[in-house]
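Colleague: return atomic coordinates for the entry below.
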Amino acid sequence: MPPLVSFSGLASGIDSEALIDATIEARKAALITPKEDKIQEIQDTNQSLNDLKDLLLELKDLADEFREVNGSILSKIGSSSDETVASATADSTASNVSTTITVNTIAKTATHTFDDSDITDPEDAIAPGLTDTGNNEIEYLIGTGSEQETITLTVDTDTTLYDLTDQFNTQSSLAIATVVNIGTTDSPEYRLVVQTINEGTLKGQIAAPTVGTDITGVGRFTAGTLDAATDANFNVSGINDAITRSTNSVSDVIPGVTFNISKVGTTTITVSDDADATAASVQEFVDKYNEILAFVKEQNLITKESDEEDALNVFGPLAKTSIDDSAITSIRTVFSGSIYDSGSEIKGLYDLGLTTEQDGTLEFDVDAFKSALSKEPESVKNIWYNVAEPLGALTSAGGVIDPVTRFQGLIELGVKGNDEQVKSLQTSITRAQASIDKEADLLRQRFARLEKLTSDLQSQQSALASALAGLG
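Modeller: Prediction:
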């Protein structure tokens, strides 16, 4: 049967399409719109959960820096009594100490220069009269031991100083060859200079190069000047033997301390607590925690929206989940349990100038913290260990943030569960839309039949009227 074709209301006077549209919209409002609103609500919750995860991870990373395995919250400052001899820096793993360093030699690079004084143009051939008998090479040994490399340069009748530097620099990773004019512009005197890149003998030494007899036979490169590399050599108070290092930057003698040697002499390296830097670290931690609380509070707001007839509660994205509450409760439990019983006066966060406001945020008194640090630095360190360990550690080590933020943690599982709800709702919407579309088709068919029936009746009425008129 061919489909019925209808022009809305031509016979019946009924605007059937408007009635169908109104019916469809009513069905959508009842069957689809609530599900779409629910999907948006779930997606907003997932976004807020992921934002919370990012904030918690930032707090966890800050706490991780304060854990014992990574040093401590106590920032350290290294100083030198004579910065011209050596400067010093210290990280949080360093202990407060005062050590005298006596520098005997500094580490330096090596330089070799051939003494030939008759080369006035670096682009001229350096040995035009050379006879090649197979002894026409210059060999450099750069570095020592396993780090040593061999550089071999070949000279023929056309070789220039620039050719030699190109050959050298192509082969070497430990030294650089250059052409240097030690004369003047009017009276130039060009030399081949090789200088190592690294300080110390391991990678920075140059052995006097060997020159083939074909080259020396024409009077070229018969002598040279070598300024040998040296290692840093120094004494540390309390250690009998002198210490040798291949670099002037030494970080493996005093734990947590790096000192940079500049010249021969004596200086005292001192490590002490850096109160300003330590307080800044605590402030950063407090600010991040307070940022999390502000975020959670905003995302949990429940507001009322009302019109003339109804009042509706509007829930924030996190108002219907307890994941955020669980995370905050765990963190607060850590704060309250961070007591250090071995402290004399300083035993807990309150003694460090940290107090809880009525809204749950932390208030940090920097002056009180610095006072506590000056009195009992060990107590301050251990109180923060008690905070940092559970906040910065993995789940397996007793961490309380990691179970929330890790792979397959509370947030990820919550988001996955919400995603499944969204998929189910989307499937339900698809089915509802199909049902509504089918209903719309059926309504159009019914109205089309109504229009046809009305039109047929009108035609019959017209024919009957004409017949009756003919009888008269």
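Colleague: walk me through which strands the one helix or strand residue 192 maps to pairs with, and which way each runs.
Modeller: Using DSSP states H and E, the element containing residue 192 is strand 190-196. Strands that pair with strand 190-196, judged by DSSP bridges, come out as strand 111-114 (antiparallel), strand 175-181 (antiparallel).
Colleague: which positions in the following helix or strand past it come out as buried?
Modeller: Helices and strands here follow DSSP H and E; after strand 190-196, the next one along the chain is helix 201-204. By neighbour count on 16 or more other Cβ atoms under 10 Å, the buried set for helix 201-204 is 201-204. Bear in mind the C-beta positions are built from the backbone N, C-alpha and C, glycine included.
Colleague: need the CA coordinates for the strand holding residue 192. PDB is fine.
Modeller: Only the C-alpha atoms of strand 190-196 are listed here, as PDB (Å, rounded to 0.1, in the frame of the first residue of the first chain):
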ATOM      1  CA  TYR A 190      99.300  31.600  12.900                       C
ATOM      2  CA  ARG A 191      99.500  28.600  15.200                       C
ATOM      3  CA  LEU A 192      97.600  25.300  15.500                       C
ATOM      4  CA  VAL A 193      96.100  25.200  19.000                       C
ATOM      5  CA  VAL A 194      94.300  22.200  20.500                       C
ATOM      6  CA  GLN A 195      92.400  22.700  23.800                       C
ATOM      7  CA  THR A 196      90.500  20.000  25.700                       C
END
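Colleague: can you say which two of the buried residues of helix 201-204 are spatially most distant?
Modeller: Farthest pair in the buried residues of helix 201-204 (Cβ to Cβ) is 201 and 203. Separation: 8.1 Å.
Colleague: list the residues that contact both of those two?
Modeller: residue 246 (Cβ atoms under 8 Å, 6 or more residues apart in numbering).
Colleague: what pLDDT is listed against residue 394?
Modeller: Residue 394 is assigned a predicted lDDT (pLDDT) of 86.
Colleague: cool, and residue 218?
Modeller: 96.
Colleague: what's near enough to touch it?
Modeller: Taking Cβ under 8 Å, 6+ apart, one finds 127, 129-130 in contact with residue 218.
Colleague: ChimeraX command to pick out the buried ones of these?
Modeller: Here is the ChimeraX command that selects the buried residues among the contacts of residue 218 (16+ other Cβ under 10 Å):
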select :127,130
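Colleague: want to try CSV for the contacts of residue 218, with secondary structure, distance to residue 169 and pLDDT as columns?
Modeller: Converted to CSV, the contacts of residue 218 look like this (DSSP: H, G, I helix; E, B strand; the rest coil; distance: Cβ to Cβ, whole Å; pLDDT from 0 to 100):
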residue, secondary structure, distance to residue 169, pLDDT
127, coil, 20, 96
129, coil, 27, 92
130, coil, 23, 93
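Colleague: between the contacts of residue 218, which is closest to residue 462?
Modeller: Closest approach between these and residue 462, by Cβ to Cβ: residue 127, at 124.3 Å.
Colleague: what separation do you get for that closest one and residue 379?
Modeller: Distance, residue 127 to residue 379, using Cβ to Cβ, to the nearest Å: 76 Å.
Colleague: check residue 128 too.
Modeller: Distance from residue 128 to residue 379, counting by Cβ to Cβ: 81 Å.
Colleague: so these two - more neighbours on which side?
Modeller: A side-by-side neighbour count of residue 128 and residue 379, using other Cβ atoms under 10 Å, places residue 379 first with 22 against 12.
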